[in-house]
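Engineer: predicted model, plus sequence, below.
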There are 2 protein chains.
Amino acid sequence: MNIKPIFTPPPTAEIDARIDQVRHAMVKNKLDYYVSFSPDNIFYLTNFANTPHERPFVLVIPLQGDISFLIPKLEIPHVSARSIGELNLISYREFPAPIGESWLDGFHPLFTPGARVGVESICPLQVYEAIPGERIKLDVIDDLRMVKSDYEIGRITYASNIATEVHNNLLENAQLGQTLKSVSAEYSGQIMRKIIADYPETNIAATKFIVVFQPNSVSHDPHNSSNISIEMARGGNTTIINGIANGYGTEVERTFFLGAVPEQAKKPFDVMTEARQLAYELTVPGNSMSYVDEQVNQVFHKAGYEQNLLHRTGHSIGVTGHEAPFLAEGYDRQIEPGMIFTIEPGVYIPGIGGFRHSDTVLITETGNRALTSGPETLEELTYPVN
Amino acid sequence: MNIKPIFTPPPTAEIDARIDQVRHAMVKNKLDYYVSFSPDNIFYLTNFANTPHERPFVLVIPLQGDISFLIPKLEIPHVSARSIGELNLISYREFPAPIGESWLDGFHPLFTPGARVGVESICPLQVYEAIPGERIKLDVIDDLRMVKSDYEIGRITYASNIATEVHNNLLENAQLGQTLKSVSAEYSGQIMRKIIADYPETNIAATKFIVVFQPNSVSHDPHNSSNISIEMARGGNTTIINGIANGYGTEVERTFFLGAVPEQAKKPFDVMTEARQLAYELTVPGNSMSYVDEQVNQVFHKAGYEQNLLHRTGHSIGVTGHEAPFLAEGYDRQIEPGMIFTIEPGVYIPGIGGFRHSDTVLITETGNRALTSGPETLEELTYPVN
């Protein structure tokens, strides 16, 4: 498998191959058309990134012939500049618009009467209701996105290399009293500068990174970054870098210590490390995702942490930093080569803190290979205080 | 009307009044429940800002009794810290989750059998299909958001004051050769620092500003900020500041010149100014929004710019920087006191540039009042070159 970093937009052949796969799935499901509204799916098939607002962007894929992309008139140059592959652009004047010039006037004629039309689960009701014919909810594109091509692996490798380098800088320069706002500005700036230096045509609509840390006073609540003046603390901190570089994602996280490791942090750190090692062993082709999460959760249960779990073992990464499939109980799908997961079992104890490492991991033919890296042990992750 | 700036979260009475209004609309439409998935509507009714991802956040409002908020377990502390008003938090383990612990297991019991349930137009198909009973598409909350309370006007006034101040700094310090990336970093930084200095508990999930400019080589394409190394130019530039400060929005934009005004820019600038003056005259209580846009467009048509129009006269601002209602042909709603619109007619000529000023404007009992401000005339907007 390719793990040579790539930072340039997909060649037309890559986009064409993705569309061929969509059409294969359409044939299998006897669909005449597939309608995509999801900005992530549209980016995947066109290389054009949009942010949803009241002016709809809708992709209509017929079984044969041109793909139509319904867009606001305002966006024609923007779409033309970024999109890759053959697209029949159909623009509408504005939303709302006078009778005869609205998006629906351009949308309806794209379908032959009585057709079978595939629709995404996330399709908004107002678009769903506007689709003529028989509508079948089926997440064809989301399914295809789960297994990555060599090109996608190259793009995610590139994003992972940058995240790893900047994350190591952050750890090596970590000091008591550094604030969340200063760390966030400094290291997200480093990431952006590297991406732009490599690729000056960087698409800022598809390049976003979160760089934060949580000291142990709040890290039991892993989505809490509300106090941006909070400071790095002696008792333990968890870093979080997650984002997309020109549309392809990565994630790396570590729990680390400044000065010394509090006695009460040692057991949860060790149990997390044990759960993580088991996750690496089990996240291999052929295992079910559900099984991995069940087994990993057992490690925490046995250690008495059943009440201290907040999330699954991992999620996938692709054209977003967080997407299906999931290493999660209840998600009974087989792991396949070419999938990418975060491996990030964590344990959360109010008063002591959160304990979690995360890496972006590629599933190979025979096992897995981490695309991000960083220090791992308690010793490596204990840094001197100046 | 209050235009005293406010930057603190809504008092409980403000949230309660909004919910009362939702329930009045529910009675009028004979709804037993209303289901909200829109992050903007949920923020409006709870003060909690979420970013949609695969773990659904859903608000269920019964005609009487507690409002239920279905959230991932991971988000309980986060919701508790920010939300205002009485909420019955119902958490689910994870998405996906084992049988009996999924979001649907918590969602279904919230409804009595055979109820009439109101649903938003943007409701994703997978949530829509999970709602039991009779489902009626009706944008009750979006409708209420169109007329602002004194509190909301105070919040938008605050955001507008900051945007105006920083926008004036940007104009006064504008120089040939400044790059988009440096201008964007400097002035979005100024905005963020002011907001945080005023309100240290700032919610970064609800505080986002875009600060960009477009030189005349790209400003005919008003959504094009793709080249972040592009430089301020002699021939004319258009600024764009748009965003939300702790969840309440504003917008201010100007077309300005460095050194001198090119001869070919004078007519489009003057026509834009004339269209803008007419828009201010017409955007008053009692007029229809459609009528305003038609009349404003006539100014451009008469000047020969029929093919150079890309967007409507204005949009509203509230808990987002861009929302309904719209000053747009085809949008036949009456303007009411307490509404807020951008007034921003623009004209776009490839090779010459885009010409647009935008201000955030409050509709008063008798007319309107701009909440943002800046220089307006060609003379005021021509700056010396160092």
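Structural biologist: On my side now, so go ahead.

Engineer: report the contact partners of A:Gly338.
Structural biologist: A:1, A:147-149, A:153, A:362-363 (Cβ atoms under 8 Å, 6 or more residues apart in numbering or on different chains). No exception for glycine: its C-beta is placed from N, CA and C like everyone else's.

Engineer: ok, 10 Å please
Structural biologist: If a contact means Cβ atoms under 10 Å, 6 or more residues apart in numbering or on different chains, then A:Gly338 has A:1, A:146-150, A:152-153, A:285, A:362-365 as its contacts.

Engineer: ok, A:Leu362 next?
Structural biologist: With contacts defined as Cβ under 10 Å, 6+ apart, the neighbours of A:Leu362 are A:1-3, A:148, A:153, A:156-157, A:160, A:317, A:337-341, A:368-371.

Engineer: what does A:Val27 give?
Structural biologist: Counting by Cβ under 10 Å, 6+ apart, A:Val27 touches A:Leu63.

Engineer: swap in A:Tyr248?
Structural biologist: Taking Cβ under 10 Å, 6+ apart as the definition of contact, the neighbours of A:Tyr248 are A:6-7, A:10, A:43, A:148, A:151-160, A:206-207, A:317-321.

Engineer: quick check, pLDDT for it.
Structural biologist: At A:Tyr248 the predicted local distance difference test score is 98.

Engineer: okay, and the closest residue to it other than its chain neighbours sits in which element?
Structural biologist: Nearest-residue entry for A:Tyr248: A:Arg155, 3.6 Å, with adjacent residues in sequence omitted and distances by Cβ to Cβ, 6 or more residues apart in numbering or on different chains. According to DSSP states H and E, A:Arg155 maps onto helix A:150-172.

Engineer: and that helix, what does it pack onto?
Structural biologist: Helices and strands in packing contact with helix A:150-172 are listed as helix A:12-28, helix A:180-198, strand A:208-215, strand A:237-245, strand A:248-258, strand A:340-343, strand A:359-363, strand A:368-370; criterion 3 or more Cβ pairs under 10 Å, 6 or more residues apart in numbering or on different chains; DSSP states H and E.

Engineer: regarding the closest residue to A:Glu94 other than its chain neighbours, what is its secondary structure?
Structural biologist: What sits nearest to A:Glu94 in space, not counting adjacent residues and going by Cβ to Cβ, 6+ apart, is B:Arg312, at 5.4 Å. Three states are possible here, and by DSSP: H, G, I helix; E, B strand; the rest coil the one that applies to B:Arg312 is coil.

Engineer: excluding chain neighbours, what is closest to the residue most central in space within chain A?
Structural biologist: Averaging the C-alpha coordinates of chain A gives a centre point, and the residue nearest to it by Cα atoms, centre = their mean is A:Gly321 (2.0 Å). Taking Cβ to Cβ, 6+ apart, and ignoring the residues beside it in sequence, A:Gly321 has A:Gly249 as its nearest neighbour in space, at 3.9 Å.

Engineer: that neighbour and A:Thr157 touch, don't they?
Structural biologist: No - with contacts counted by Cβ atoms under 10 Å, A:Gly249 stays clear of A:Thr157, the gap being 11.4 Å.

Engineer: give the residues shared as contacts by the two.
Structural biologist: Jointly contacting A:Gly249 and A:Thr157 under the rule Cβ under 10 Å, 6+ apart are A:340, A:360.

Engineer: mind pulling up the pLDDT for the most far-flung residue of chain A relative to its centre?
Structural biologist: The outermost residue of chain A, judged by C-alpha distance from the chain's mean C-alpha position using Cα atoms, centre = their mean, is A:Ile99 at 39.6 Å. At A:Ile99, the model reports a pLDDT of 73.

Engineer: please report phi then psi for it.
Structural biologist: Note on A:Ile99: its backbone torsions stand at phi -50, psi 130 [degrees, to the nearest 10].

Engineer: can you tell me how far it is from B:Tyr331?
Structural biologist: In this structure, A:Ile99 and B:Tyr331 are separated by 12 Å, where distance is defined by Cβ to Cβ, to the nearest Å.

Engineer: not counting stretch A:98-112 itself, show me its contacts.
Structural biologist: Contacting residues not belonging to stretch A:98-112 are listed as A:32-33, A:35, A:55-58, A:60, A:62, A:66, A:68, A:70-73, A:88, A:90-97, A:117, A:126-127, A:130-133, B:290, B:293-294, B:328-331 [Cβ under 10 Å, 6+ apart].

Engineer: that one: how far from the chain's middle?
Structural biologist: For stretch A:98-112, the distance from its own C-alpha centre to the chain's C-alpha centre is 33 Å (Cα atoms, centre = their mean, to the nearest Å).

Engineer: how about that stretch: buried residues?
Structural biologist: By neighbour count, with 16 or more other Cβ atoms under 10 Å in any protein chain shown as the criterion, the buried positions of stretch A:98-112 are A:98, A:102-103, A:106-107, A:110-111.

Engineer: which of those fall in helices?
Structural biologist: The subset of the buried residues of stretch A:98-112 located in helices under the criterion DSSP state H comprises A:103, A:106-107.

Engineer: can you tell me which of those is nearest B:Ser219?
Structural biologist: Compare each of these with B:Ser219 using Cβ to Cβ and the shortest gap goes to A:Trp103, at 25.2 Å.

Engineer: what ranges does the stretch 201-350 of chain A have for its helices?
Structural biologist: Using DSSP state H, counting those that start in this stretch, the helices of the stretch 201-350 of chain A run over residues A:263-282, A:289-302.

Engineer: buried stuff in the longest one?
Structural biologist: Counting neighbours by 16+ other Cβ under 10 Å, one finds that the buried residues in helix A:263-282 are A:265, A:267-269, A:271-276, A:278-279, A:282.

Engineer: equivalent analysis for stretch A:218-235, please.
Structural biologist: Counting neighbours by 16+ other Cβ under 10 Å, stretch A:218-235 gives A:218-228, A:230-233, A:235 as buried.

Engineer: cool, and stretch A:157-175?
Structural biologist: Of the residues in stretch A:157-175, A:157-164, A:166-167, A:170-171, A:174 count as buried by neighbour count, 16+ other Cβ under 10 Å.

Engineer: could you give the separation of it from the chain centroid?
Structural biologist: Taking the mean C-alpha point of stretch A:157-175 and that of its whole chain, the gap between them comes to 18 Å (Cα atoms, centre = their mean).
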